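**Student:** Generate a structure from the sequence data that follows.
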Amino acid sequence: MNLNRTKFFKSSFVALLLLGLIITWLGFGKRGFLHLYKMEKNRQACIERIRKVEKENQALIEEIQRLNTDTAYLESVARKELGLVKDGEILFKFSRGKDDRHSFQIERE
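**Tutor:** The predicted structure is shown next:
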């Protein structure tokens, strides 16, 4: 009876040890659940970056369309970014000096 009990405990111990090793390998191994969790988190971050870039691309496509079709918008962009003026207009340029006083410059075209 004592021999059977010892044999039972030894086999139970070996089975639990093997089960523990398998669980550890599945959880923390090279392709385990922890690695899978990190990869899923990385995948979600990549998907979010892709969505952001797609939104930026769509906005740029819409701006290109607007620049190609809307002359008033094209004119406003040219005025704002290139400082272009029409004949007879006066352009005021405001800038801050080093002593925080406002200065301006008048250009006549």
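**Student:** packing partners for the helix or strand hosting L18?
**Tutor:** Taking DSSP states H and E as the definition, one finds L18 inside helix 2-28. On a contact count with 3 or more Cβ pairs under 8 Å, 6 or more residues apart in numbering; DSSP states H and E, helix 2-28 meets helix 33-69. (Glycine included, C-beta is placed from N, CA and C.)
**Student:** Next SSE downstream of the helix it packs on?
**Tutor:** Tracing the chain past helix 33-69, the next element assigned as helix or strand by DSSP H and E is helix 71-82.
**Student:** and the direction of that following helix versus that of helix 33-69, what angle?
**Tutor:** Inter-element angle recorded for helix 71-82 and helix 33-69: 110 degrees (by axes from the mean of the first three to the mean of the last three Cα atoms, to 10 degrees).
**Student:** and for helix 71-82, what are the contacting residues?
**Tutor:** Applying Cβ atoms under 8 Å, 6 or more residues apart in numbering, the contact partners of helix 71-82 are R66, L67, L84, V85.
**Student:** Now do the helix holding L18 against helix 33-69: the angle between them, please.
**Tutor:** Going by the same axes, to 10 degrees, helix 2-28 makes 20 degrees with helix 33-69.
**Student:** May I see the buried residues of helix 2-28?
**Tutor:** Taking 16 or more other Cβ atoms under 10 Å as the neighbour-count basis, helix 2-28 is seen to contain no buried residue.
**Student:** quick check: mean pLDDT across that helix?
**Tutor:** Per-residue pLDDT over helix 2-28 has a mean of 85.
**Student:** Below-threshold pLDDT in the protein: ranges please.
**Tutor:** By pLDDT under 70, the weakly predicted segments of the chain are 1, 97-109.
**Student:** thinking again about what came up before, rebuild the contacts of helix 71-82 as CSV, extending it with neighbour count and distance to Y37.
**Tutor:** Formatted as CSV, the entries for the contacts of helix 71-82 read as follows, by neighbours: other Cβ atoms under 10 Å; distance: Cβ to Cβ, whole Å:
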residue, neighbour count, distance to Y37
R66, 13, 44
L67, 13, 46
L84, 13, 56
V85, 13, 60
